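Novice: Pasted the sequence and its predicted model underneath.
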Amino acid sequence: MLALVLPVTARAQISLSTAVALAEKNSPSVRAAVAGVQQAHAGLAQSTDVYYPSFSLGSSVGPPPYGFPLGNPDIYDVDAQSLVFSFSQRDYVRAARSSLRASLLNLKDAQQQVALDVALDYVELDHDLKEIAALDEEKDDATQLVQIEQQRVTAGVDPRANQLQAELTAAQVDEKRIHLENDADEARQRISHLTGLPAEGLDTVSSSIPPVALPTAADDAQSEVTNAGLSAQYADAQSKFFTAFGDERQNRRPSIGFGLKYQRFAKYQNFQEYYHNFQQNNVSAGIQLTIPIFDSSLKAKAEASAADAARAQAQADQSRDQLSEATLQMRRTILELAAQQRVKQIQEEIAEEQLKSLQSELVNGSGSPTVPAATPIQARNAQIQERESYEDVLDANFLLMKTELNLLRATGQITNWVQSSLK
């Protein structure tokens, strides 16, 4: 017996929160931000570890010299050095801490950007799948309408133009469906690249997409809008200001260091023949006081650091103003889109009621001898119109959701929105 085996495409559903979690683990931008945090941790450790002694071991063993010995007859030596006090170092430590805070905020910002990218593609794929399902229903009605018109044209009841109009409707449904299938495949591929999952057969879970609240008057009254990215810019600017303070204080403030050195000398270097009281073990320790008097390079470095800090502060202020303007514009756009969505919903409800009325007339008649009863052609057209109105509602919902997600990203709430789907 021969068995006919047909290839079946496996369908894999994934929730929004799972997709975001996978994308954050797979994202190169998040991995780069994690590396930035590790680098900032190391920078902070480097700025504080200068107060701990550093030890080094060295040796300069050589053959006995000819004549008067040169240098030290060093078998090995141990050096220890540390910073005791510096006016500048305190600012450098503060700068490193601000830099670490900026790196952590950049990591959070990268995670929020990944959440937005996944959410936009996920919502788009969900919209495409719903609209494709509606188009399949519309295609059935359009096909039956073409068959009815073909029969009526053959019977000489309707003109050829009616049949062509029905075929045009069916062709337009096919065209729109092909476009949506391509769009869905592209969304699957983007989600695949973000999450690392295979794109083929990737489906959404509509119930995992939480609703988004519309902007309120309290949101508009909020004087300042911020997010992790903007906070990171201000933390970076603060770090640069601390660095500038430290560089400026290097010019006129003293610093104190500590040093310790142990050396063991060799006897075969003939030092004992030329020096009295020669001994093999030698130790020295002391405090080094440095008072800068004039150093043009340090002055230039301080000026460059101050200019870099001022530029970072100005760029952060510019980003703050741009963010404020963008969020206000998105809130206004959301209100307009919400009004358009309501119009589409009402139109869809009207089309649904008209369809119910026509279906009732097909079964029960018009109820009046003077009013002609509804025809199957009118019923099919009403079903097609109802599906088109429903597709318009899906499009309006999608446009509104995209803008709302961008607003959540701008205000730093996109991660909380994703996590709300788990409750």
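Specialist: Thanks, I have it.
Novice: ok, how many other residues are close to Trp397?
Specialist: Check again: residue 397 is Asn, not Trp. Asn397 is flanked by 17 other residues according to other Cβ atoms under 10 Å. (C-beta placed from N, C-alpha, C; glycine too.)
Novice: which residues touch the nearest residue to it once chain neighbours are set aside?
Specialist: The shortest distance from Asn397 to any non-neighbouring residue, by Cβ to Cβ, 6 or more residues apart in numbering, is to Gln341 (6.3 Å). Neighbouring residues of Gln341 by Cβ atoms under 8 Å, 6 or more residues apart in numbering: 393, 396-397, 400.
Novice: a markdown table for those, including distance to Ala170, pLDDT and secondary structure?
Specialist: Formatted as a markdown table, those follow (distance: Cβ to Cβ, whole Å; pLDDT from 0 to 100; DSSP: H, G, I helix; E, B strand; the rest coil):
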| residue | distance to Ala170 | pLDDT | secondary structure |
| --- | --- | --- | --- |
| Val393 | 22 | 97 | helix |
| Ala396 | 25 | 97 | helix |
| Asn397 | 26 | 97 | helix |
| Leu400 | 30 | 97 | helix |
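Novice: Between these, which sits nearest Gly229?
Specialist: Closest approach to Gly229 among the contacts of Gln341 (Cβ to Cβ): Leu400, at 24.3 Å.
Novice: does the nearest residue to the closest one once chain neighbours are set aside sit in a helix, a strand or a coil?
Specialist: Leaving aside its sequence neighbours, Leu400 sits nearest to Leu337 (Cβ to Cβ, 6+ apart; 4.3 Å). Of the three states, Leu337 takes helix under DSSP: H, G, I helix; E, B strand; the rest coil.
Novice: and Leu337, how many residues sit next to it?
Specialist: 20.
Novice: before we move on, which element is Val84 in?
Specialist: strand 74-86 (DSSP states H and E).
Novice: One more: Ala285?
Specialist: Element membership for Ala285 (DSSP H and E) is strand 281-290.
Novice: picking that back up, so what's the gap between the strand holding Val84 and the chain middle?
Specialist: Mean C-alpha position of strand 74-86 versus that of the full chain (Cα atoms, centre = their mean, to the nearest Å) differs by 47 Å.
Novice: residues of that strand that come out buried?
Specialist: 74-75, 77, 83, 86 (16 or more other Cβ atoms under 10 Å).
Novice: on that earlier part again, could you redo the contacts of Gln341 as a markdown table and give each row distance to Ser99?
Specialist: Formatted as a markdown table, these follow (distance: Cβ to Cβ, whole Å):
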| residue | distance to Ser99 |
| --- | --- |
| Val393 | 49 |
| Ala396 | 45 |
| Asn397 | 43 |
| Leu400 | 40 |
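Novice: Let me know the closest of those to Leu323.
Specialist: For the contacts of Gln341, the nearest to Leu323 is Leu400 (21.2 Å; Cβ to Cβ).
Novice: The closest one reaches Ala339, doesn't it?
Specialist: No - Leu400 lies out of contact with Ala339 (Cβ atoms under 8 Å); the separation is 10.0 Å.
Novice: These two - which one has more neighbours?
Specialist: The neighbour comparison of Leu400 against Ala339 (other Cβ under 10 Å) goes to Leu400, with 20 against 11.
Novice: next SSE after the helix or strand hosting Gln383?
Specialist: Using DSSP H and E, Gln383 sits in helix 376-410. Next along the chain after helix 376-410, taking DSSP H and E as the criterion, comes helix 414-420.
Novice: who touches that next one?
Specialist: So helix 414-420 is in contact with 16-17, 20, 111-112, 115-116, 119, 210, 212, 405, 408, going by Cβ under 8 Å, 6+ apart.
Novice: So which bits of that helix are buried?
Specialist: Along helix 414-420, these residues count as buried under the neighbour rule (16+ other Cβ under 10 Å): 414-415, 417-418.
Novice: Repeat that for stretch 263-277.
Specialist: Applying 16+ other Cβ under 10 Å to stretch 263-277 flags 263, 265-266, 269-272 as buried.
Novice: Go through those residues and name the one nearest Gly246.
Specialist: Closest approach to Gly246 among those (Cβ to Cβ): Gln263, at 34.6 Å.
Novice: So that closest one, which state does it fall into?
Specialist: strand.
Novice: for Glu200, same thing?
Specialist: Of the three states, Glu200 takes coil according to three-state DSSP.
Novice: What backbone torsions are found at it?
Specialist: phi -70, psi 130 (degrees, to the nearest 10).
Novice: And it, how far from Ser27?
Specialist: Glu200 sits 22 Å away from Ser27, going by Cβ to Cβ, to the nearest Å.
Novice: quick one, which of those two is more surrounded?
Specialist: Each of Glu200 and Ser27 has its neighbours counted (other Cβ under 10 Å); Ser27 has more, 23 against 13.
Novice: tell me the contacts of the more buried one?
Specialist: Applying Cβ under 8 Å, 6+ apart, we find Ser27 in contact with 110, 114, 194.
Novice: let's go with 7 Å and repeat that
Specialist: Contacts for Ser27 were tallied using Cβ atoms under 7 Å, 6 or more residues apart in numbering; they are 114, 194.
Novice: so how far is Ala306 from it?
Specialist: For Ser27, the distance to Ala306 equals 36 Å [Cβ to Cβ].
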